[in-house]
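Peer 1: model the structure of this input:
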Amino acid sequence: MRTYDCIVIGTGSAGNQAAYKFAEKGLRVAIVENFTPGGTCAQRGCDAKKILLTGSETKDAVERLLGYGVKGLISIDWRQLMERKNEYTRAIPEQTRKRYAETDIDYFHGEPRFVSSHRLRIGEEEIEGKQFLIATGLRPRELTVPGSERFITSNEFLELKDLPRRLVCIGGGYISFEF
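Peer 2: Residues are numbered from 1 along each chain as shown. Next up is the predicted model:
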């Protein structure tokens, strides 16, 4: 069984930064993720959303400046904007795993379960840690209210092939609020 000074659960911004700092201090570090390494913010949240919003913000700025030294309209090609977003996010898991290897952080993929106060089971493997940092973040919440079969989560929105004509956001999380 492998033993670590610190085991970090979650590969988002908080978990990654902590793991890198621990490794810089010479600690033996493992990091565990049950989804894709790199976290929600970079892949299904903040960064991905910013790529999409930049297009609409640019269009809005141009339209507000028409007649004030700016001529001509611009349009948004949603599919091309989505491809740019996908190009950015597709690279994150591999870049994340590569950085772990470069900084001697052991990466484990799977659903972690505590089997004792110092042991985790990930699949069939058990690892032991002196300290644990749980930095799992959040996922979109599925709502069970009448009409919810028509809802999509922010994850699904960030994969739409066509831009909807109208959008109603339910909830006040960062991603929903910023959209």
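
Peer 1: okay, the host helix or strand of residue 40 in CSV with CA atoms only?
Peer 2: Taking DSSP states H and E as the definition, residue 40 sits inside helix 39-44. The C-alpha coordinates for helix 39-44 follow below in CSV (Å, rounded to 0.1, in the frame of the first residue of the first chain):
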residue,chain,number,x,y,z
GLY,A,39,-11.9,20.7,-12.3
THR,A,40,-15.2,22.4,-13.0
CYS,A,41,-14.0,26.0,-13.3
ALA,A,42,-11.6,25.3,-16.2
GLN,A,43,-13.7,22.8,-18.0
ARG,A,44,-17.4,23.2,-17.2
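
Peer 1: what helices and strands are in contact with it?
Peer 2: Applying 3 or more C-beta pairs under 8 Å, 6 or more residues apart in numbering; DSSP states H and E, one finds that helix 39-44 contacts helix 13-24, helix 78-90, helix 92-102. (Glycine included, C-beta is placed from N, CA and C.)

Peer 1: could you look up the next helix or strand downstream of that helix?
Peer 2: helix 46-65.

Peer 1: how about that next one: buried residues?
Peer 2: 47-49, 51-52, 55 (16 or more other C-beta atoms under 10 Å).
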